[in-house]
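Trainee: For reference, the sequence and a predicted model appear below.
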Amino acid sequence: MKSIKIPVGILGATGSVGQKFIELLAAHPVFTIKELAASGRSAGKVYGDTVNWILDGFIPEELSKLKIKECAEQFESRVLFSALDSSVAGQIESELADRGHIIISNAKNHRWSENVPLIVPEINPGHLELIKKQKFNNGGCIITNPNCSTIGLVLALKPLQDKFGLDAVNVVTMQALSGAGYPGVPSLDILDNVIPYIEGEEEKLESEPKKIFGSLVSHGVSYSDIKISAQCNRVHVKDGHLATVQVKLKRKAEAEDLISVWKNFTAEPQTLGLHSAPVKPVHYLENVKYPQPRLHRDVDKGMAVTIGRLRECSLFDYKFAILSHNTVRGAAGGTILIAELLHAKGYIM
Ligand SMILES: NC(=O)c1ccc[n+]([C@@H]2O[C@H](COP(=O)([O-])OP(=O)(O)OC[C@H]3O[C@@H](n4cnc5c(N)ncnc54)[C@H](OP(=O)(O)O)[C@@H]3O)[C@@H](O)[C@H]2O)c1
């Protein structure tokens, strides 16, 4: 018997993350894309004629023919994935939640609202409880995905936090161009170059892990006390954010203990067998030249974090390198995994 899939819509469907949603949901076993929306510049036009498709391969044929909606229109799908530009996401997402939609968003706007969970399914699935406290009309709610660099960092830190406790973290990122959206950074600014500034990024990386690692309390989330310092750079790489990380642990550990907890880390998405869950959320690579964006961004469907170069640090306890795919694990794929978790827990039917 053919199972009936749950219809979903994509807000911001023409952008860098919106296109990734289309690619990843093309053959999804639970969700099927029924509606696409973008700005007034694109609305009313046919998707395939309007989008500047930047991914490998072709646009799925049935979506290519779909007419793009405006975000103010009515949506039949209860579940809406948001890949909207943050200049407009806040208001649009609130209005749609008030109309009864479940919004799962990549935008930064609602990440710090008291009852809006900031979810990484392997780390804080219990924070989904917060949506019961949201006051949107018609049963709507908003759930957010963290910044694309935060997700890679917290997945690498989670096993260390659980086993040894984390006192302080210093992180330096080398972030890919697709992280700046489309058309993104002008080619003459980035060709043969590195830009040591990404607006708002260091603040997100320094603050979001505190909410993700926080504990649920009566008023929302009590933030973790981890101290984090971040420096973010834009580099001439298409996809995949690389970062070098230094950590100070609360309890002493040998290097092999860190590698062991990374190798053995598994969490609720793996236990539940969620479709987009990586088999292993983190992979430790022994080759001293790894991880590298071109070679490792697609490990485990682009949903895993690869880690390498673990060694002792004379300032902190240890240092290492991490890599994650910014538009997959750091955006569309991470958001789809949240939707799969919501479905498995009965929030989406
Ligand atoms: N790229 C990443 O790796 C990444 C990772 C994590 C989170 N994010 C976040 O995800 C969101 C999307 O990022 P992106 O990189 O895909 O950006 P993008 O390529 O610039 O795409 C932005 C999308 O927003 C739509 N939009 C712009 N103004 C609008 C309006 N007034 N009304 C309705 N839609 C409007 C655009 O539609 P038109 O084409 O019609 O203008 C486009 O579909 C952002 O909030 C970003 O911060 C991105």
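Mentor: Looks like it arrived, so ask away.

Trainee: quick one: contacts of stretch 116-129?
Mentor: With CB atoms under 8 Å, 6 or more residues apart in numbering as the test, stretch 116-129 has contacts from 110-111, 130-131, 134, 142-146, 151, 154-155, 158, 208, 211-214, 216, 221, 265, 267-270, 274, 277, 281, 334, 337-338, 340-342, 345, 347. (Each C-beta comes from the backbone N, C-alpha and C, glycine too.)

Trainee: Now list the buried members of those.
Mentor: 110-111, 130-131, 134, 142-146, 151, 154-155, 158, 208, 211-214, 221, 265, 267-270, 274, 277, 281, 334, 337-338, 340-342, 347 (16 or more other CB atoms under 10 Å).

Trainee: Next, count neighbours for the residue of the stretch 101-250 of the chain found nearest the ligand.
Mentor: Relative to the ligand, the nearest point of the stretch 101-250 of the chain is residue 181 (2.9 Å; CB to the nearest ligand atom). Residue 181: 17 surrounding residues under other CB atoms under 10 Å.

Trainee: Surely residue 98 and residue 137 touch.
Mentor: Yes - at 4.7 Å, residue 98 counts as touching residue 137 under the criterion of CB atoms under 8 Å.

Trainee: the more surrounded of those two?
Mentor: Neighbour totals were compared for residue 98 and residue 137, and residue 98 leads with 13 against 9 (other CB under 10 Å).

Trainee: I'd like to know how far that one sits from residue 135.
Mentor: Residue 98 sits 9 Å away from residue 135, going by CB to CB, to the nearest Å.

Trainee: gap between the two ends of stretch 100-118?
Mentor: 20 Å (CA to CA, to the nearest Å).

Trainee: Kindly report the same for stretch 317-333.
Mentor: One end of stretch 317-333 sits 32 Å from the other (CA to CA).

Trainee: same question, stretch 63-76
Mentor: End-to-end distance (CA to CA), stretch 63-76: 16 Å.

Trainee: Buried residues of that stretch, list them for me.
Mentor: 63, 66, 68-69, 71, 75.

Trainee: what's the answer for stretch 282-290, then?
Mentor: Buried-residue list, stretch 282-290, by 16+ other CB under 10 Å: 282-285, 290.

Trainee: Adding pLDDT, write these out as TSV.
Mentor: Output for those, formatted as TSV (pLDDT from 0 to 100):
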residue	pLDDT
282	98
283	98
284	98
285	98
290	98
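
Trainee: so which of those residues comes closest to the ligand?
Mentor: Among the buried residues of stretch 282-290, and counting by CB to the nearest ligand atom, the member closest to the ligand is residue 282, at 19.3 Å.

Trainee: Phi and psi next, for the closest one.
Mentor: Residue 282 adopts backbone torsions of phi -130, psi 140, taken as degrees, to the nearest 10.

Trainee: which two from the buried residues of stretch 63-76 end up farthest apart in space?
Mentor: Maximum pairwise distance in the buried residues of stretch 63-76, criterion CB to CB, is 17.6 Å, between 63 and 71.

Trainee: Those residues of the stretch 201-349 of the chain touching the ligand, which are they?
Mentor: 326-327, 330-331 (CB under 6 Å from any ligand atom).

Trainee: Among those residues, which one lies nearest to residue 5?
Mentor: residue 331 (21.9 Å).

Trainee: element containing the closest residue in space to that closest one that isn't next to it in sequence?
Mentor: The spatial neighbour of residue 331 that comes closest, neighbours along the chain excluded (CB to CB, 6 or more residues apart in numbering), is residue 17 at 4.4 Å. Residue 17 is part of helix 16-25, with elements assigned from DSSP states H and E.

Trainee: can you list the residues that contact that helix?
Mentor: With contact meaning CB under 8 Å, 6+ apart, helix 16-25 is reached by 8, 10-13, 31-33, 36, 38, 51, 53-55, 57, 59-60, 63, 81, 83, 106, 178, 181-182, 184, 276, 327-328, 331-333, 335-336.

Trainee: which stretches of the protein aren't confidently modelled?
Mentor: 1-3 (pLDDT under 70).

Trainee: For the ligand, what's its nearest residue on it.
Mentor: Per CB to the nearest ligand atom, the residue of the chain with the smallest distance to the ligand is residue 15, at 2.0 Å.

Trainee: For that residue, give me phi and psi.
Mentor: Per degrees, to the nearest 10, the backbone of residue 15 is at phi -80, psi -170.

Trainee: Then residue 69?
Mentor: phi -90, psi 160.

Trainee: Give the bridge partners for it, please.
Mentor: The bridge-partner assignment for residue 69, based on DSSP bridges, gives residue 37.

Trainee: quick one: it and residue 75 touch, right?
Mentor: Yes - proximity of residue 69 to residue 75 meets the contact threshold set by CB under 8 Å, at 7.3 Å.

Trainee: tell me, what's touching these two both at once?
Mentor: Shared contacts of residue 69 and residue 75, counting by CB under 8 Å, 6+ apart, come down to 9, 35, 37.

Trainee: from these, which are also near the ligand?
Mentor: Counting by CB under 6 Å from any ligand atom, no member of the shared contacts of residue 69 and residue 75 is near the ligand.

Trainee: Can you show me the helices along the stretch 101-250 of the chain?
Mentor: For the stretch 101-250 of the chain, applying DSSP state H, counting those that start in this stretch gives helices covering 148-164, 187-190, 201-212.
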